[in-house]
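**Q** sequence and predicted structure, then a few things I'm wondering about:
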Amino acid sequence: MKRSNGFLGLLNRFAVVVITLKKEADPDVVFYRGCWKKRRVCLEPVDGIQPERCPVLVLFTGYGVIVKDCTGKIDWAGRVTTGDEFLWEWKDVGEERLLVFLRREGVRPWLEKWEEEGWAVAEVSLSAVVDIPVLEAWIEQTYRHWRTWRYWRKVRKEQQVIATLLLKRLKWPILLSLLLLSGIGYPLQTALRRQVLQQQEELSLWQRKIQLRRDEEERAGRMSRMLTGSGKLAPLFDRIAAAVPRGVTLVRLEANPPERRVETGKPLVVRDGCVMVEGYTREPADVAMFTENLSEAGRSWRVMLEGLDRRVEKADFTFRISIVWRTDKGREYEAE
């Protein structure tokens, strides 16, 4: 027999049951223990077998087993192969095409009994003649047939039995292989995970930088549109500059300032139609004068003192004034 692809190693041991049917008497049942030694079949008669984790090969012979030569007249076989009345199989002997069949009702009790007892019946066959060479040739052919794709194309109960046996044999080798691969792969997985986390941090940093840059560009673009588009801010800034008292120094003049501190991932919210003025002075009275001058510079402006704080280390006062020069509906306050 040719070198196997795993069946001889995984299903090295097996059992064989030969049932010789009789017309008016109980059949003769012979049990064999089988194994593969140097890729040859070895059979040993035994008194019986117990359900276990090895395949059971069953061969029916004797009364009721019919052999029909169908060489050149295959159409006749349809009366046997169609339906579930017969248990049948094709056998090629030289140039002859033989159909061997048996009424299923004669063996159904046996098959049901074995299934209830938990036998792993992996193959059921028929033969008119049975001896040791015939059994050995049949077992070799059966194992060879199991390793072909043609056998696994059809879904049968025997295929499920073989698949279950193979899974039981492969369970521990597969588990050990997985554990071994897991042990080898853990350092690789740790290194890859570390690299992924590092790249994610770098990506998040770049995303924050890009978002801040976009926010700055958006504010600069909005300021540019306001200065060059509507033409209203230039006169407004002129009026603010004219309203500054002698003792006041301005440090900030910003149109449409943000409502809150810019944060990554959050939209930029601005106070549209507003100008924020910040500066410092040594006399609080200068702040009051500046606020009054701003209110008089634009009759419809709304001037509010947002804050007045004292700086002890410099002995002066800082202030923050907001000037609302446009309503929420887009109507601009008059500058006259």
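**A** Perfect, I can see it now. Quick caveat, the model's predicted, so the values are computed rather than measured. Numbering: from 1, shown residues only.
**Q** this structure: helices as residue ranges?
**A** For the chain, applying DSSP state H gives helices covering 7-10, 78-81, 108-117, 132-146, 149-153, 157-225, 233-242, 284-297.
**Q** what does the third one contact?
**A** When you say that, I think you mean helix 108-117. By Cβ atoms under 8 Å, 6 or more residues apart in numbering, the surrounding residues in contact with helix 108-117 are 19, 51, 56, 58, 121, 124. Every residue, glycine included, has its C-beta placed from N, CA and C.
**Q** show me which of those residues are buried.
**A** Buried members of the contacts of helix 108-117, counted by 16 or more other Cβ atoms under 10 Å: 19, 56, 58, 121, 124.
**Q** right, and the fourth one touches L59 too?
**A** No. Assessed by Cβ atoms under 8 Å, V121 is found out of contact with L59, at 11.5 Å.
**Q** among the helices of the chain, which gets the worst mean confidence?
**A** Here the lowest mean pLDDT among the helices of the chain goes to helix 7-10, at a mean of 64.
**Q** what number of residues lie near L205?
**A** Neighbourhood size, L205 [other Cβ atoms under 10 Å]: 11.
**Q** tell me, how many residues neighbour V269?
**A** Neighbour count of V269, defined by other Cβ under 10 Å: 10.
**Q** excluding its backbone neighbours, what's nearest the residue lying farthest from the centre of the chain?
**A** Distance from the centre of the chain peaks at R246, with 72.2 Å (Cα atoms, centre = their mean). In space, and not counting its chain neighbours, R246 is closest to D286: 8.0 Å by Cβ to Cβ, 6 or more residues apart in numbering.
**Q** how close does that neighbour get to V18?
**A** D286 sits 120 Å away from V18, going by Cβ to Cβ, to the nearest Å.
**Q** could you do N256 as well?
**A** Plainly put, N256 is 99 Å away from V18 if you go by Cβ to Cβ.
**Q** with D215 instead?
**A** From D215 across to V18, the span is 88 Å (Cβ to Cβ).
**Q** with neighbour numbers in mind, choose between the two.
**A** For D215 versus V18, the count of surrounding residues by other Cβ under 10 Å is larger for V18: 22 against 17.
**Q** hmm, the more buried one is touching Y32, no?
**A** Yes. Between V18 and Y32 a contact is recorded at 7.4 Å, counting by Cβ under 8 Å.
**Q** do you know the pLDDT at the closest residue in space to Y32 that isn't next to it in sequence?
**A** The shortest distance from Y32 to any non-neighbouring residue, by Cβ to Cβ, 6+ apart, is to V16 (4.0 Å). The score at V16 is 88. That number is its pLDDT.
**Q** could you pull up the residues touching V16?
**A** For V16, the contacting residues are 31-32, 34, 43, 56-59, 135, 139, by Cβ under 8 Å, 6+ apart.
**Q** now, which of those residues sits nearest L87?
**A** Using Cβ to Cβ, V58 comes nearest to L87 of the contacts of V16, at 10.7 Å.
**Q** and that closest one, what does it touch?
**A** V58 touches 16-17, 19, 110, 114, 121, 123-125, counting by Cβ under 8 Å, 6+ apart.
**Q** cool, and M289?
**A** By Cβ under 8 Å, 6+ apart, the contact set of M289 is P245.
**Q** for V124, same thing?
**A** Contact analysis of V124 by Cβ under 8 Å, 6+ apart lists 58-60, 87, 111, 158.
**Q** so the residue nearest to R246 is in contact with T249, correct?
**A** No. In this structure D286 lies outside contact range of T249 using Cβ under 8 Å: 9.8 Å.
**Q** who has more neighbours out of these two?
**A** For D286 versus T249, the count of surrounding residues by other Cβ under 10 Å is larger for D286: 20 against 11.
**Q** go through the contacts of V16 and name the one nearest V270.
**A** Relative to V270, the closest of the contacts of V16 is V56; by Cβ to Cβ it sits at 83.9 Å.
**Q** tell me the pLDDT at that closest one?
**A** For V56, pLDDT reads 85.
**Q** likewise K73?
**A** Taking K73 on its own, its pLDDT is 69.
**Q** quick check: F237 touching L253?
**A** Yes. The pair F237 / L253 is scored as a contact, 6.8 Å apart, by Cβ under 8 Å.
**Q** in contact with K23, which residues?
**A** Taking Cβ under 8 Å, 6+ apart, we find K23 in contact with Y63.
**Q** show me the beta-bridge partners of the residue nearest to Y32.
**A** Y32, L57 (DSSP bridges).
**Q** and for V324?
**A** Beta-bridge pairing of V324 under DSSP bridges involves C274, R302.
**Q** isn't it up against D272?
**A** No. With contact defined as Cβ under 8 Å, V324 and D272 do not form a contacting pair (9.7 Å).
**Q** nothing else from me, thank you.
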